[in-house]
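In: what follows is a predicted protein model with its sequence.
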Amino acid sequence: MLTPLVGMQDADITLQSRPHDLAHWNPSGKLAVVTGASSGIGRCLSKRLTEAGCRVIAVARRADRLQSLADEIHRDGVDDRLQPIRGDVTDPATHDQLESLIRSRGGSLDLLVNNAGIGAIGSFEEATESRLRKIMEVNFFAPAQLTRRLLPYLKSSDDAVICNLGSVLGHRAVPDKSEYCASKFAMHGWSDSLRAELAGTSVRVTLVSPSTTESEFFDVLVDSDANATSKSFGSWPADRVAAATLAAIGKRRSEVILSLGGKLLVYADRLCPPLMNWALRK
Ligand SMILES: NC(=O)c1ccc[n+]([C@@H]2O[C@H](COP(=O)([O-])OP(=O)(O)OC[C@H]3O[C@@H](n4cnc5c(N)ncnc54)[C@H](OP(=O)(O)O)[C@@H]3O)[C@@H](O)[C@H]2O)c1
């Protein structure tokens, strides 16, 4: 059962016709859907968007977390700009609910952030098919299908953005994260293709590729050893990633790779793949 958690009236999310500046995308007065808003990057980004005057429909499975985010935002004096929707992104009923909510708000959506994601650590050979399927469902099929469903509403906006949260591991794969790397490479390729298909429309596609981020991500790994650890070259707090994501959307960037460690991984691999193969060998 999917339930809106706060009693937001239809009139609370009003879409205004607004002139837009071609150089920047301004969140003020816009309507956004953010998936995976109950923790980490999605939570911080939802908060930043509402503070910037955006109305946010925040989606995740943990209703209590969404409610506490809504309470925090509304307590800080920002009016009821965040509407929590409890739902699983892989469930078509969640897509139905989002679609009908957007229709009831006027039928136009300005920003879709495909952020919900999960990971796993461990050898491919020793893992199960179920781990592969779970990760591909949440990280790739769900955002792709949700985007297809919401595209008509994004196209109704005169200035819309689809922001996909990828990963540096969608540019350079590493051992023991085969399913996750595959899902983020899929998201990367799909984002590039969609961007080209939508060129000439009012909808842009931004791919944001963070490297290690301090969040709950590593606490909820799928079918992974409890002691599994991950190599990282420094990490960013989730709110820093959220700020960089909002800046990338605002500047209408097609793609951003975050953090020095992330840039080193991706660009060193482009310059000299054998060197990176050697550095990353198990
Ligand atoms: N953390 C990193 O090191 C890192 C690095 C690069 C990229 N990323 C990417 O950044 C994105 C956000 O990750 P994060 O670091 O912020 O992790 P996080 O704190 O674990 O947040 C993940 C969010 O996704 C939601 N989610 C997971 N499965 C879902 C489902 N089936 N339906 C709806 N919501 C679901 C979770 O909410 P519920 O559990 O309440 O549903 C949570 O809100 C992911 O796409 C991740 O791949 C993370």
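Out: In hand now; what should we look at?
In: give the contact list for T245.
Out: Counting by Cβ atoms under 8 Å, 6 or more residues apart in numbering, T245 makes contact with 41, 45, 113, 163, 165, 208. (Each C-beta comes from the backbone N, C-alpha and C, glycine too.)
In: any weak-confidence spans in the stretch 51-200 of the chain?
Out: Within the stretch 51-200 of the chain, the ranges that satisfy pLDDT under 70 run 78.
In: what does it put close to the ligand?
Out: By Cβ under 6 Å from any ligand atom, the residues of the stretch 51-200 of the chain that approach the ligand are 60-62, 65, 88-90, 115-118, 138, 165, 167.
In: so what's the residue count around T35?
Out: 26 (other Cβ atoms under 10 Å).
In: relative to the ligand, how far out is it?
Out: 6 Å (Cβ to the nearest ligand atom, to the nearest Å).
In: the chain should start at 40 in everything you say after this.
Out: Let's use 40 as the start, then, which means that last one is T74.
In: pLDDT wise, what is that residue at?
Out: Predicted confidence (pLDDT) at T74: the value is 98.
In: related to what we said a few turns ago, just the residues of the stretch 90-239 of the chain next to the ligand now: which is nearest A221?
Out: Nearest to A221 among those, counting by Cβ to Cβ, is S206 at 11.3 Å.
In: what number of residues lie near the nearest residue to G92 once chain neighbours are set aside?
Out: Spatially, and ignoring its direct neighbours in sequence, G92 is nearest to S67 (3.5 Å; Cβ to Cβ, 6 or more residues apart in numbering). Using other Cβ under 10 Å, S67 has 10 other residues around it.
In: S67 falls within a strand, correct?
Out: No - using DSSP: H, G, I helix; E, B strand; the rest coil, the assignment for S67 is coil, not a strand.
In: to the chain's geometric centre, what's the distance from stretch 247-258?
Out: Relative to its chain's centre, stretch 247-258 lies at 12 Å (Cα atoms, centre = their mean, to the nearest Å).
In: quick one: end-to-end length of it, please.
Out: Taking Cα to Cα, to the nearest Å, stretch 247-258 runs 22 Å from one end to the other.
In: buried ones in that stretch, by neighbour count?
Out: Buried residues in stretch 247-258, counting neighbours by 16 or more other Cβ atoms under 10 Å, are found at 247-252, 254, 256-257.
In: now do that stretch, average pLDDT.
Out: On average, stretch 247-258 scores 96.
In: coming back round to it: ok, now which ones touch the residue nearest to G92?
Out: With contact taken as Cβ under 8 Å, 6+ apart, S67 is in contact with 91-93.
In: nearest to the ligand, of those?
Out: C93 (18.1 Å; Cβ to the nearest ligand atom).
In: right, and that closest one touches P66 too?
Out: Yes - with contact defined as Cβ atoms under 8 Å, C93 counts as touching P66 (3.8 Å).
In: tell me where the stretch 40-189 of the chain has strands.
Out: 70-74, 94-99, 121-125, 150-153 (DSSP state E, counting those that start in this stretch).
In: what's the closest of these to A267?
Out: strand 94-99 (23.6 Å).
In: other SSEs contacting the closest one?
Out: strand 70-74, helix 79-90, helix 102-114, strand 121-125, helix 131-143 (3 or more Cβ pairs under 8 Å, 6 or more residues apart in numbering; DSSP states H and E).
In: what's the separation between R87 and G81?
Out: 11 Å (Cβ to Cβ, to the nearest Å).
In: next SSE after the longest helix seen in the chain?
Out: Looking across the chain with DSSP state H, the single longest helix is helix 217-237. Once helix 217-237 ends, the next helix or strand along the chain (criterion: DSSP states H and E) is strand 242-248.
In: what sits against S222?
Out: Counted by Cβ under 8 Å, 6+ apart, S222 has contacts 156, 174-175, 177-179.
In: oops, could you answer that again for A71 instead?
Out: Counting by Cβ under 8 Å, 6+ apart, A71 has contacts 88, 93-96, 148-152.
In: one more time with 6 Å
Out: Contacts for A71 (Cβ atoms under 6 Å, 6 or more residues apart in numbering) come out as 88, 93, 95, 150.
In: what is the nearest of those residues to S274?
Out: Nearest to S274 among the contacts of A71, counting by Cβ to Cβ, is L88 at 23.1 Å.
In: cheers, nothing more for now.
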